[in-house]
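> Task: produce atomic coordinates for the following.
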Amino acid sequence: MIQYYDWLPHLEASKRVDSIKNELVIFTYADVLPEIQKEYGVYAEMMSAPHKFDFFLVGFHLSGSATIKVDMVEYELRADSQHIIKLAPGQIVSIDKVSDDFNAHVVLMSKRFIESLLVYINGSIPLRIDKNMTSVVECDEAHAEQIINIFIKAVRQVLSNTDNPYRMQVVQHIMMAIFYSSERVREHDKSDKARSSADVLSKQFLELVKDNFRCERQLQFYSDKLCITPRYLSRVVKECTGSSAAEWVERYVILEARALLKSTTMTIQQISDELAFPSQTFFGKYFKRRVGMSPKEYRRVG
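Model prediction:
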C-alpha cells in the first residue's frame with residue numbers, strides 16, 4: 001500500500017520553518033533536513049519508496065542533484081541547472097539519488113489554501129495544479145534569482161510577522177504572483193484556435209459562476225446561458241482548468257459558506273437561506289461532505 005504523508009503539522013513545529021494556520025509552510029530543505037532525519041530515522045528510505053502527499057508542493061531547486069519520479073515519469077534535477085517542482089495531492093512520488101549538497105526552497109500548501117486562491121483569481125491562473133500539470137520544469141538563472149530574492153523572501157518575511165492580522169491575505173497575493181511567475185508562457189499559433197476558444201468559454205463560465213453560485217448550482221443553468229450542453233461544458237472546463245464545472249461551483253459555494261460562518265454573526269439557518277439551500281439540514285450535509293465537519297463545528301474550530 002502506498003504511504004500518504006501529511007507533514008504540515010509536523011513541520012510547523014520547527015523553528016526553521018515559517019507557517020500560518022496549518023495552511024502553508026515554507027522552508028529551505030538543507031535547514032530542516034537534520035530535524036527530519038532525527039525524527040524520521042529512515043528518511044532516505046521513506047523518500048525513495050513510492051508515496052503520496054496530502055498537500056500541494058512547489059519547490060525551487062537551488063543546488064545539487066536528485067532524481068524524482070512522479071506518476072511513473074522520471075525527472076533529473078541536475079546540479080548545473082535550476083528547476084521548479086510542482087506536485088499535487090495524490091500524485092505518486094519517489095525521490096532518489098539525492099546529492100549531499102542538494103538544496104531547495106520548499107512551499108507546502110493545504111488543499112483549502114489552494115482552493116481559496118483558485119476562487120479569488122477566478123481560474124485565470126496559468127499554473128495547472130492538478131495531476132495533469134508538468135511536474136518539473138527547468139528555469140534560467142535570472143528567473144530563479146527573481147523568484148528567490150523577491151517572492152520567497154517576501155513570503156517568509158510576512159509569515160514571520162505574527163502581529164499582522166492580515167498575514168493570510170498578504171501571503172495569498174504573493175503566492176498568486178509566484179504561480180504566475182513560475183509558469184512558462186504558452187506559445188500560441190494558428191493551430192491553437194480551438195484551445196483559445198475553450199479558454200474563452202471556461203472564462204465565461206467562471207464569470208457566470210461568480211455572479212450566480214449563491215442561487216444556481218445546477219450545470220444546466222450555466223450550459224443554457226452558454227448555449228452548450230452540460231456534458232460539453234464540463235469537459236471543456238476540466239481540460240482548461242484541471243477541475244470540473246461542478247467542482248468549480250461547489251468551490252465557490254463552500255468558500256462563501258466558510259467566510260459567512262467565520263466572519264459574520266449570521267445563524268446557520270440564515271447562511272443556508274443566503275446560499276439558497278432548501279433547508280438547514282441539506283446545507284449541513286452539503287457542507288460536511290465537502291469540508292469534513294458540520295457548519296457548527298467549523299464555526300467553532302475550523
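> how's this structure carved up into domains?
Under the assignment automatic domain parsing, the domains of the chain span 3-182, 190-301.
> Toward the C-terminus from the helix or strand hosting Glu145, list the very next helix or strand.
If you go by DSSP states H and E, Glu145 is part of helix 141-146. Past helix 141-146, further along toward the C-terminus, the next helix or strand under DSSP H and E is helix 153-160.
> same for that following helix, what does it pack against?
Using 3 or more Cβ pairs under 8 Å, 6 or more residues apart in numbering; DSSP states H and E as the contact criterion, the neighbours of helix 153-160 among helices and strands are strand 18-20, strand 24-28, helix 167-182. Yep, even glycine has a C-beta here, placed from its N, CA and C like the rest.
> what's in contact with that helix?
Applying Cβ atoms under 8 Å, 6 or more residues apart in numbering, the external contacts of helix 153-160 come out as 18-20, 24, 26, 107, 164, 167, 170-171, 174-175, 178.
> how about Val70, phi and psi?
Here is the backbone geometry of Val70 (degrees, to the nearest 10): phi -120, psi 120.
> Can you give me the neighbour number for it?
Burial of Val70 is recorded as 21 neighbouring residues (other Cβ atoms under 10 Å).
> swap in Ala142?
Residues lying near Ala142 (other Cβ under 10 Å) number 8.
> Could you check how far it is from Cys227?
With distances defined as Cβ to Cβ, to the nearest Å, the gap from Ala142 to Cys227 amounts to 46 Å.
> Now do the buried residues in stretch 245-257.
Within stretch 245-257, the residues that qualify as buried are Ala245, Ala246, Trp248, Val249, Glu250, Arg251, Tyr252, Val253, Ile254, Leu255, Glu256, Ala257, counting by 16 or more other Cβ atoms under 10 Å.
> Can you redo the domains of the chain as TSV, where the extra columns are mean pLDDT?
Supplementary listing: those in TSV, determined by pLDDT from 0 to 100:
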stretch	mean pLDDT
domain 3-182	78
domain 190-301	87
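> and the residue positioned nearest the centre of the chain, what helix or strand is that in?
Nearest to the geometric centre of the chain sits Ile114, at 3.2 Å (Cα atoms, centre = their mean). When elements are assigned from DSSP H and E, Ile114 belongs to helix 111-120.
> which helices and strands sit right next to that helix?
Under the contact criterion of 3+ Cβ pairs under 8 Å, 6+ apart, the helices and strands touching helix 111-120 comprise strand 56-63, helix 167-182, helix 245-263.
> In CSV: the ones you listed, plus distance to Gly284.
Compiled in CSV, the helices and strands packed on helix 111-120 are given as follows (distance: least, Cβ to Cβ, whole Å):
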stretch, distance to Gly284
strand 56-63, 28
helix 167-182, 26
helix 245-263, 10
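> out of those, which comes closest to Asn103?
With distances scored as Cβ to Cβ, the stretch of the helices and strands packed on helix 111-120 nearest to Asn103 is strand 56-63 (4.5 Å).
> about what we covered before: output the contacts of helix 153-160 in a markdown table, with distance to Leu261 and neighbour count appended to each entry.
Listed next are the contacts of helix 153-160 as a markdown table, based on distance: Cβ to Cβ, whole Å; neighbours: other Cβ atoms under 10 Å:
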| residue | distance to Leu261 | neighbour count |
| --- | --- | --- |
| Asp18 | 27 | 20 |
| Ser19 | 23 | 18 |
| Ile20 | 19 | 17 |
| Leu24 | 21 | 25 |
| Ile26 | 28 | 21 |
| Val107 | 27 | 20 |
| Asn164 | 23 | 12 |
| Arg167 | 20 | 17 |
| Val170 | 23 | 16 |
| Val171 | 21 | 22 |
| Ile174 | 26 | 18 |
| Met175 | 24 | 20 |
| Ile178 | 29 | 20 |
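> and which of the residues you listed is nearest to Val209?
Using Cβ to Cβ, these come closest to Val209 at Met175, 22.0 Å.
> give me every residue that touches the closest one.
Going by Cβ under 8 Å, 6+ apart, the list of residues near Met175 reads Leu24, Val107, Met109, Leu117, Val155.
> Tell me the bridge partners for the first one.
Counting by DSSP bridges, Leu24 is bridged to Ile20, Met109.
> Hmm, it is touching Val171, no?
Yes. Under the criterion of Cβ atoms under 8 Å, Leu24 makes contact with Val171 at 6.4 Å.
> tell me the contacts of Tyr222?
Residues in contact with Tyr222, defined by Cβ under 8 Å, 6+ apart, are Phe205, Leu208, Val209, Asn212, Glu216, Pro230, Leu233, Ala245, Val249.
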